[in-house]
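Participant: Sequence and computational prediction follow.
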4 protein chains.
Amino acid sequence: MSHHPAAPAWQVTQWFNTEMPLDLVGLRGRVIALHAFQMLCPGCVLHGVPQAERLHQQFASDGVAVVGLHTVFEHHEAMQPVSLQAFLHEFRVTHPVGVDAATPGQRIPATMQAYGMQGTPTLVLIDRVGRIRRQHFGRLDDLTVGAEVMRLLCEKF
Amino acid sequence: MSHHPAAPAWQVTQWFNTEMPLDLVGLRGRVIALHAFQMLCPGCVLHGVPQAERLHQQFASDGVAVVGLHTVFEHHEAMQPVSLQAFLHEFRVTHPVGVDAATPGQRIPATMQAYGMQGTPTLVLIDRVGRIRRQHFGRLDDLTVGAEVMRLLCEKF
Amino acid sequence: MSHHPAAPAWQVTQWFNTEMPLDLVGLRGRVIALHAFQMLCPGCVLHGVPQAERLHQQFASDGVAVVGLHTVFEHHEAMQPVSLQAFLHEFRVTHPVGVDAATPGQRIPATMQAYGMQGTPTLVLIDRVGRIRRQHFGRLDDLTVGAEVMRLLCEKF
Amino acid sequence: MSHHPAAPAWQVTQWFNTEMPLDLVGLRGRVIALHAFQMLCPGCVLHGVPQAERLHQQFASDGVAVVGLHTVFEHHEAMQPVSLQAFLHEFRVTHPVGVDAATPGQRIPATMQAYGMQGTPTLVLIDRVGRIRRQHFGRLDDLTVGAEVMRLLCEKF
């Protein structure tokens, strides 16, 4: 009897930092931190992306899957995958990052739309059974993120 | 059948930011973050004390008791309670802080000795039944502290 | 009888944040802070570009010309002018920025070569008569930069 | 024909980090950065004192005398010289610091009164001939401080 919505499937056209495409079904049983960003969004570059990488470094071995999602909704030509790839390399991002699929004729890409995200950065915490437990647009401090991730890790199903 | 040591009782001669003296028995059932510091220790002033205050602001209502402990083991004359009181006021510390009892003829105060602390800042996390689950000398990042506090909050006894 | 080398001419293919192309001759009489950067170089994004912008905000009215130079020498496809333009917009860069001219068949662009720059960020301070007085690869702190710019401003010719 | 006021003499009861007492006459010919602070003022501890120390490290050999002045105007008992001494030691302050003389029956110490300072931190820049050229209460950024100190260094008399 859940009141938490199921996380929509990801629509990703290209992956970096992972040999295999990732999806919610394959990650079932793990806590997921989905981090939507744009490589030219200052709040993402200065805060969100480094926080996602810290999460990955500290919690990957505890069963947390940190997944970046490049949700370009402005300056599309400026942030093509070739630029994203250089960004990830130069900023030493090692967690998996997918490119959100463009929606023909629309500014907002497909996964961003499906989640109803308002902008970047957005952090989505998904529990072990695939439900959205937190979706936050903007900046969340590390104390809160650490605690919320652990709260989901503590849940047994 | 616990392998975690029971937290030693606190020996405190004066309290700030609380009307009643605090002790482990009275806080049983809550998770305790005990933060040992000195008001003239740069690592405490710049990192440990602000982190303890953030913990207090964010988790006090969730059942976490954040308790500062002023463990003066050097420059004793420089850090008397009258100076500590001004420090707490000026640095806007609102969580309870106790003054660790001096041990006659010794440099290290009583509670600091009982816990075997190596210096300041030291963070001690005590679980709902009064056991030390983590004791760390130095700097711990917020992601880790948030997660570890939540791990203890998730425990039921 | 100067021992300071004359600053080489700039070879720029496109300008942002200025209606007119800039060159050394036109800026004669002003102190110039030339800041070479790449939009995907972390040291530039986190330190050099914000410092150049602070210089511009604080010293433009005192006769200092702050000029950015986008010297792409790696990941060329990732940092085309369309991406640079979005970067300058999103990171609120208001000082003039030129795109260093590619050198056919070579990795290092033309102005970067002429100055013998070793990488990005590089700050070049040019005096009122067009001579290089300081060229620094890496990070320079604000105290030093403020002082060195003022030292050149104090010179009369 | 100067419009800049002469800097009032300092009234100091105790010095740290210098073998000889300092005064304006003895420093004539040098640019002086006088930094008034209190050891329990957060803006001083986090910003003003480290900036003064950076100034000292970078400009002492260029003819700048950086002088701290402990101007206690509140919590007097909390900030006695014995506490100041420990503070300077622990926070690795190496520039000379004087204790502003208490004024009997008044809260504000003597030098602070003579300069008409409004609070701490206050930075006073004094030129080579002993005149106040800048007096600022609050935070000044490093670019500005570096430039203003250099402007005074450039002056010849």
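Facilitator: Ah, there it is. Residues are numbered from 1 along each chain as shown, chains lettered A, B, ... in the order given.
Participant: Going by C-alpha atoms from here, please, whenever you check contacts or count neighbours.
Facilitator: Will do.
Participant: Near chain C, which residues of chain A are found?
Facilitator: Counting by Cα under 8 Å from any Cα of the partner chain, the residues of chain A close to chain C are A:40-42, A:46, A:75, A:77-79, A:82-87, A:90-91.
Participant: 6 Å instead?
Facilitator: Contact residues (Cα under 6 Å from any Cα of the partner chain) of chain A with chain C: A:40, A:78, A:82, A:83, A:87.
Participant: I'd assumed residue C:84 was in contact with the second one.
Facilitator: No - at 7.5 Å, residue A:78 and residue C:84 do not qualify as touching, with contact defined as Cα atoms under 6 Å.
Participant: Give me the average confidence score over stretch A:133-152.
Facilitator: The average pLDDT within stretch A:133-152 is 98.
Participant: And it, what's buried?
Facilitator: Of the residues in stretch A:133-152, those with enough neighbours to count as buried (16 or more other Cα atoms under 10 Å in any protein chain shown) are A:133, A:135-136, A:142-152.
Participant: follow-up on the earlier one: and which of the residues of chain A next to chain C is nearest to residue B:50?
Facilitator: Comparing the residues of chain A next to chain C against residue B:50 with Cα to Cα places residue A:40 closest, at 31.3 Å.
Participant: which regions of chain A sit below the pLDDT cut-off?
Facilitator: Within chain A, the stretches with pLDDT under 70 are A:1-2.
Participant: And the strands in it?
Facilitator: Here chain A has its strands, by DSSP state E, at A:12-16, A:31-37, A:64-70, A:97-100, A:122-126, A:132-137.
Participant: before we move on, the earlier item: which of the residues of chain A next to chain C are buried?
Facilitator: Taking 16+ other Cα under 10 Å as the criterion, what is buried in the residues of chain A next to chain C is A:40, A:78, A:83, A:87.
Participant: picking that back up, mind giving me CSV with the buried residues of stretch A:133-152 and columns for distance to residue C:55?
Facilitator: Formatted as CSV, these follow (distance: Cα to Cα, whole Å):
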residue, distance to residue C:55
A:133, 44
A:135, 38
A:136, 35
A:142, 32
A:143, 35
A:144, 36
A:145, 36
A:146, 38
A:147, 40
A:148, 41
A:149, 41
A:150, 44
A:151, 46
A:152, 46
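Participant: Which of these sits closest to residue B:68?
Facilitator: The closest of the buried residues of stretch A:133-152, once distances to residue B:68 are taken by Cα to Cα, is residue A:143, at 18.1 Å.
Participant: Would you agree that closest one is in contact with residue B:141?
Facilitator: No - counting by Cα under 6 Å, residue B:141 is not a contact partner of residue A:143; they are 8.6 Å apart.
Participant: Any figure for the gap between residue A:95 and chain D?
Facilitator: From residue A:95 across to chain D, the span is 35 Å (Cα to the nearest Cα, to the nearest Å).
Participant: what does residue A:26 give?
Facilitator: Distance from residue A:26 to chain D, by Cα to the nearest Cα: 48 Å.
Participant: That residue and residue A:130, how far apart?
Facilitator: As for residue A:26, its distance to residue A:130 is 10 Å (criterion: Cα to Cα, to the nearest Å).
Participant: From the neighbour counts alone, determine which of those two ranks first.
Facilitator: residue A:130 (22 against 9; other Cα atoms under 10 Å in any protein chain shown).
Participant: Next, the contact list for that one, please.
Facilitator: Taking Cα atoms under 6 Å, 6 or more residues apart in numbering or on different chains as the criterion, residue A:130 is in contact with A:6, A:7.
Participant: And for residue A:33?
Facilitator: A:66, A:124, A:125.
Participant: Look up the closest residue to the first one, ignoring the ones flanking it.
Facilitator: This points to residue A:66. residue A:33 (4.8 Å; Cα to Cα, 6 or more residues apart in numbering or on different chains).
Participant: could you dump the strands of chain A to a markdown table with distance to residue C:14?
Facilitator: What follows is those, written out as a markdown table (distance: least, Cα to Cα, whole Å):
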| stretch | distance to residue C:14 |
| --- | --- |
| strand A:12-16 | 32 |
| strand A:31-37 | 29 |
| strand A:64-70 | 28 |
| strand A:97-100 | 30 |
| strand A:122-126 | 34 |
| strand A:132-137 | 36 |
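Participant: what's the closest of these to residue B:8?
Facilitator: Using Cα to Cα, the nearest of the strands of chain A to residue B:8 is strand A:64-70, at 34.6 Å.
Participant: got the angle between the closest one and strand A:122-126?
Facilitator: 140 degrees (axes from the mean of the first three to the mean of the last three Cα atoms, to 10 degrees).
Participant: Measure how far strand A:64-70 is from the centre of its chain, please.
Facilitator: What separates the centre of strand A:64-70 from the centre of its chain is 4 Å, taken as Cα atoms, centre = their mean, to the nearest Å.
Participant: elements contacting it?
Facilitator: strand A:31-37, strand A:97-100 (3 or more Cα pairs under 6 Å, 6 or more residues apart in numbering or on different chains; DSSP states H and E).
Participant: Neighbouring strands of that strand in the sheet, and parallel or not?
Facilitator: Its sheet considered, strand A:64-70 pairs with strand A:31-37 (parallel), strand A:97-100 (parallel) by DSSP bridges.
Participant: can the ones you listed go into a markdown table with extra columns for distance to residue C:3?
Facilitator: Listed next are the strands paired with strand A:64-70 as a markdown table, based on distance: least, Cα to Cα, whole Å:
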| stretch | distance to residue C:3 |
| --- | --- |
| strand A:31-37 | 50 |
| strand A:97-100 | 52 |
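Participant: closest to residue D:59 out of those strands?
Facilitator: strand A:31-37 (43.0 Å).
Participant: Return the closest one as PDB; C-alpha atoms alone will do.
Facilitator: This file holds the C-alpha atoms of strand A:31-37, laid out as PDB (Å, rounded to 0.1, in the frame of the first residue of the first chain):
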ATOM      1  CA  VAL A  31      19.100   2.700  -3.500                       C
ATOM      2  CA  ILE A  32      19.400   5.100  -6.500                       C
ATOM      3  CA  ALA A  33      20.500   8.700  -6.400                       C
ATOM      4  CA  LEU A  34      19.600  10.100  -9.800                       C
ATOM      5  CA  HIS A  35      21.200  13.500 -10.400                       C
ATOM      6  CA  ALA A  36      19.900  15.500 -13.300                       C
ATOM      7  CA  PHE A  37      22.200  18.300 -14.500                       C
END
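Participant: Thanks a lot, see you next time.
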